[in-house]
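J.: A predicted structure for the sequence below; I have some questions about it.
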Amino acid sequence: MIWPLPSLAPVPVDTPAGNYTYTCEATCDGYTLSHKFSFEIKQSGTQFTGDGTVKTYNGDTQTTTFTADDTITVKATPTATGEAPSNSAMFAASFTGPGAGQMAVFVGSTQVSEAVDAAGTVNVNISVVAKVEKNGSTIYVDAAHFANAIAPANGNDATFTMLQDVMLTGKVNISCSNGAMISQIANALLTEGATGLTIEGGTFRGAGGNTGLYIQYQPIVLVGGTFEGIECVLTTMKEQLKSGYCYYDQNNKPIALTNEQTNLTGTVTVKKCNHTGEGVCEYTHATGTTTHQQTCLACGKKWDEENCSYTNGECACGSTLSVALAGTERLIYDGNPREPGVTVTLDGTKLAETDYGVTYANNINAGTDTATVTVKGKENYSFEIKKTFSIEKAEQKDFAATAVTTQYEKNGTFTVEAKKTSSDRP
């Protein structure tokens, strides 16, 4: 009798490691045949025997906390159980990935040691030079692997924070978004349309005195870092800066830039702008008004328009305002208010009398510079200027009087009169 066997169902690929039993049944001519199959699914890669843990040490102290330049000792007993995981693509060129039964140390997806056979101790000395953030994950690289970290397959849209100085030699490429790349040529860090690249810190020096950063075609984003010179092609120095940031010189002073400037020499550092220093900020006067706008030439910040302040007739923006009084020569007291004529000139142009108002005060009695005239702008003109002028005393004349000698009896009375022949007011 031939028993037809049913087809065996495939084992799901996500079935965890373990022992399993499969029951197979077949029916023929009223008879049922049942048989059980047992099988084991093993974990691929490497398992750790003993207590099943990996222990890390700093010297003789077991710990999981380390700082740069510490010697990290990793202890484990590996046992081969299947095919080892593939090595990180970023560092495959630096280390051979561990095979079955081998052990290597990884920091995240970064292999930082050679693979070793059987049980033992592997000492790994890592000196981190950069933090690399990409797609929500963070890795740290040492000097030996920094060039690989910024290679086309790895540097795309990544943010590099330099933790130590790195001197790159030879030619290195960094791929960024939209097919852009960053590369090193002529011993200088060179970007070519690196629209996805952000530099947040570190020191970049070109070997042999060459420019430390060379930017072509498209701007990158600078929010930190120190550079031994920067040069741009088909883009400008201002376009590289994140809003609110600027270049500082060796004296920690913001560097004023022109809109077309494409290079800086010497050591420059990128950080937030403080808008201070001679020549760092400029004022642009609004023609035909008494307002201006302040602009920082280092970072490009523009403030809201504000009124000019005419100290000694001139504003910081270069605008000039003058008020002239006419007819103030030999103003003499006569009991009436004195009101000399007023002329207002803005940037060399005489304003109409309807553009300002005039108010006089203390302008009747005599005095030196005690009378005032206040001129206040209207509509588009915001200013208030106060001028003083003098009023002279009226001319004084002697009184005419005649002396009369008269003898009176005791308890007699008499009256003396004097007639005014000129003003007696000051």
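T.: Right, received. Where do you want to start?
J.: do you know how far Lys378 is from Val358?
T.: Taken as C-beta to C-beta, to the nearest Å, the spacing of Lys378 relative to Val358 amounts to 11 Å. All C-beta atoms are positioned from the backbone trio N, CA, C, and that covers glycine.
J.: what does Thr345 give?
T.: Using C-beta to C-beta, one obtains 15 Å as the distance from Thr345 to Val358.
J.: Please apply the same query to Thr56.
T.: The spacing between Thr56 and Val358, counted by C-beta to C-beta, is 85 Å.
J.: go on, Thr159?
T.: Here the criterion is C-beta to C-beta. By it, Thr159 lies 62 Å from Val358.
J.: Same question for Lys350.
T.: Relative to Val358, Lys350 is positioned 15 Å away (criterion: C-beta to C-beta).
J.: ok, now Thr15?
T.: Separation of Thr15 from Val358 (C-beta to C-beta) stands at 97 Å.
J.: So which of the two has more stuff around it?
T.: Neighbour totals were compared for Thr15 and Val358, and Val358 leads with 15 against 9 (other C-beta atoms under 10 Å).
J.: who's in contact with that one?
T.: Residues touching Val358, when contacts are defined by C-beta atoms under 8 Å, 6 or more residues apart in numbering, comprise Val342, Val373, Thr374, Val375.
J.: any chance of those residues in JSON lines, plus neighbour count, pLDDT and secondary structure?
T.: Rendered in JSON lines, the data for those read as follows (neighbours: other C-beta atoms under 10 Å; pLDDT from 0 to 100; DSSP: H, G, I helix; E, B strand; the rest coil):
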{"residue": "Val342", "neighbour count": "19", "pLDDT": "95", "secondary structure": "strand"}
{"residue": "Val373", "neighbour count": "22", "pLDDT": "96", "secondary structure": "strand"}
{"residue": "Thr374", "neighbour count": "15", "pLDDT": "96", "secondary structure": "strand"}
{"residue": "Val375", "neighbour count": "20", "pLDDT": "95", "secondary structure": "strand"}
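J.: ok, these vs Gly335, which is closest?
T.: Gly335 lies nearest to Val373 out of the contacts of Val358, by C-beta to C-beta, at 19.4 Å.
J.: who touches that closest one in this structure?
T.: When contacts are counted by C-beta under 8 Å, 6+ apart, Val373 touches 325, 339-340, 342, 358-361, 363, 386-389.
J.: If it is in a bridge, with which residues?
T.: When bridges are taken as DSSP bridges, the partners of Val373 come out as Tyr360, Lys387.
J.: Sketch out the low-pLDDT regions of the stretch 151-300 of the chain for me.
T.: Screening the stretch 151-300 of the chain residue by residue with the criterion pLDDT under 70, one finds the ranges 152-153, 155-157, 167-187, 194-196, 207-209.
J.: Can I take it that Asn148 is in a strand?
T.: No - the assignment for Asn148, made by DSSP: H, G, I helix; E, B strand; the rest coil, is helix rather than a strand.
J.: do you know how far it is from Asn135?
T.: 17 Å.
J.: The two - which one has more neighbours?
T.: Asn148 (20 against 7).
J.: what's the distance between that one and Val141?
T.: Relative to Val141, Asn148 is positioned 8 Å away (C-beta to C-beta).
J.: just Gly97 next, same as before
T.: In this structure, Gly97 lies at 18 Å from Val141, with C-beta to C-beta as the measure.
J.: Of these two, which one has the most company?
T.: Val141 (26 against 15).
J.: Just give the nearest non-adjacent residue to that one, would you?
T.: Ala149 (4.5 Å; C-beta to C-beta, 6 or more residues apart in numbering).
J.: again with Tyr333
T.: Counting by C-beta to C-beta, 6+ apart, the nearest residue to Tyr333 once its immediate chain neighbours are dropped is Ala366, at 4.4 Å.
J.: next one: Phe227
T.: Excluding its sequence neighbours, the residue lying closest to Phe227 (C-beta to C-beta, 6+ apart) is Gly212, at 4.1 Å.
J.: residues in contact with the one you found?
T.: Residues touching Gly212, when contacts are defined by C-beta under 8 Å, 6+ apart, comprise Ala188, Leu189, Thr203, Phe204, Arg205, Gly206, Phe227, Glu228, Gly229, Ile230.
J.: dump the residue contacts of the first one.
T.: When contacts are counted by C-beta under 8 Å, 6+ apart, Ala188 touches Gly206, Asn210, Thr211, Gly212, Leu213, Tyr214.
J.: shouldn't the first one be in contact with Ile230?
T.: No - under the criterion of C-beta atoms under 8 Å, Gly206 lies out of contact with Ile230, with a separation of 10.2 Å.
J.: Domain map for the protein?
T.: For the chain, the domain assignment from automatic domain parsing gives the residue ranges 1-41, 47-126, 133-274, 320-426.
J.: Would you map the strands across the stretch 1-150 of the chain?
T.: Remark: strands of the stretch 1-150 of the chain, listed N- to C-terminal, are 18-28, 31-41, 46-48, 55-58, 61-62, 71-76, 78-80, 102-103, 106-107, 110-111, 116-117, 120-125, 128-134, 137-142; assignment by DSSP state E, counting those that start in this stretch.
J.: strand partners of the last one, parallel vs antiparallel please.
T.: According to DSSP bridges, the neighbouring strands of strand 137-142, each with its direction, are strand 128-134 (antiparallel).
J.: contacting residues around the strand it pairs with?
T.: 68, 138-143, 146, 149, 154, 156-166, 202.
J.: out of the residues you listed, which are buried?
T.: Buried by 16 or more other C-beta atoms under 10 Å: 139-142, 146, 149, 154, 156-163, 166, 202, out of the contacts of strand 128-134.
J.: if I look at Ala298, how far off is Lys253?
T.: When C-beta to C-beta is applied, the distance between Ala298 and Lys253 equals 9 Å.
J.: The stretch 151-300 of the chain: helices as residue ranges?
T.: If you assign secondary structure with DSSP state H, counting those that start in this stretch, the helices in the stretch 151-300 of the chain sit at 152-155.
J.: Derive a PyMOL selection command for the buried subset of the contacts of Gly212.
T.: Applying 16+ other C-beta under 10 Å to the contacts of Gly212 leaves a buried subset, and the PyMOL line that selects it is:
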select buried, resi 188+189+203+204+205+206+227+228+229+230
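J.: so can I have a markdown table of the contacts of Gly212 showing distance to Val105?
T.: Putting the contacts of Gly212 into a markdown table (distance: C-beta to C-beta, whole Å) gives the following:
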| residue | distance to Val105 |
| --- | --- |
| Ala188 | 34 |
| Leu189 | 30 |
| Thr203 | 29 |
| Phe204 | 30 |
| Arg205 | 31 |
| Gly206 | 34 |
| Phe227 | 34 |
| Glu228 | 35 |
| Gly229 | 39 |
| Ile230 | 38 |
